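1. please work out how this folds:
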Amino acid sequence: MLLTVAVFPSPAFASEWGCEVLLCASSSNPSWRGVPACHPPMNRLISAMKKPGFDWPTCPEGGTGAPGYERYAECPEGYQVGSSRDRNGFARNGDLCVKTVNVCQGNTHGLYNSDRQRSCIQTVSMSRPLRSEPYYFDIKNDTSGQTERHWFELHK
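-> Got it, this is the predicted structure:
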């Protein structure tokens, strides 16, 4: 029986670690990196994520489960999310920012026929920016009732 306790951590211990992770990840000023007490639980998390069968430690008391993850930031104003294609023709998941522009706009040298005008309309794209903090927890504020998103990163 003693061996079982040593091999399998108790749910209370896992919950405690999950709550430490939640508190540290939601720290914004400073981020968890600026809070020395956050280094052990967050470094443990980063190491655990590399192991097969990883399950995110949760904090039921905090009302959250595993965090969300959004790799890409929003596109700049005027751009829409688009996707490039890989070698096999499959669309990648929203990795581009695209917009349609008139490259002839401002050119007043005579009239254009409809074919020329169509050739003036081009789609331009750029790589979608990556988030510096791609993970997030949505935490409900008990006072206001509003849900607040707390972004964080997990690099050693």
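2. got the contact list for whichever helix or strand Val124 is part of?
-> Element membership for Val124 (DSSP states H and E) is strand 121-127. If you take Cβ atoms under 8 Å, 6 or more residues apart in numbering as the criterion, strand 121-127 is touched by Tyr79, Gly82, Ser84, Asp95, Leu96, Cys97, Val98, Lys99, Thr100, Val101, Asn102, Val103. All C-beta spots, glycine's among them, are computed from the backbone N, C-alpha and C.
3. helices and strands around the next helix or strand after that strand, which ones?
-> Following strand 121-127 in sequence order, the next helix or strand is strand 135-140 (DSSP H and E). Under the contact criterion of 3 or more Cβ pairs under 8 Å, 6 or more residues apart in numbering; DSSP states H and E, strand 135-140 touches helix 11-25, strand 68-69, strand 147-152.
4. other residues contacting the first one?
-> Think helix 11-25. 32, 35, 37-38, 41-42, 44-45, 56-62, 64, 67, 135, 137, 139, 150, 152.
5. inside strands: which ones of these?
-> Among the contacts of helix 11-25, the residues falling in strands (DSSP state E) are Tyr135, Phe137, Ile139, His150, Phe152.
6. could you chop this protein up by domain?
-> Per the record, the chain has its domains at 9-70+132-152, 80-127, by automatic domain parsing.
7. go through these and pick out the most buried.
-> Highest mean neighbour count of those: domain 9-70+132-152, a mean of 14 (counted as mean count of other Cβ atoms under 10 Å).
8. could you give the mean pLDDT of that one?
-> Throughout domain 9-70+132-152, pLDDT has a mean value of 88.
9. please apply the same query to stretch 81-89.
-> 80.
10. now it - C-alpha only, CSV.
-> Coordinates of each C-alpha in stretch 81-89 appear next as CSV, following Å, rounded to 0.1, in the frame of the first residue of the first chain:
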residue,chain,number,x,y,z
VAL,A,81,-6.9,35.4,-42.0
GLY,A,82,-5.9,33.1,-44.8
SER,A,83,-4.1,29.8,-45.3
SER,A,84,-1.2,28.7,-47.4
ARG,A,85,-0.9,25.2,-48.8
ASP,A,86,1.7,22.6,-48.0
ARG,A,87,3.5,20.4,-50.5
ASN,A,88,0.6,18.0,-50.7
GLY,A,89,-2.0,20.8,-51.3
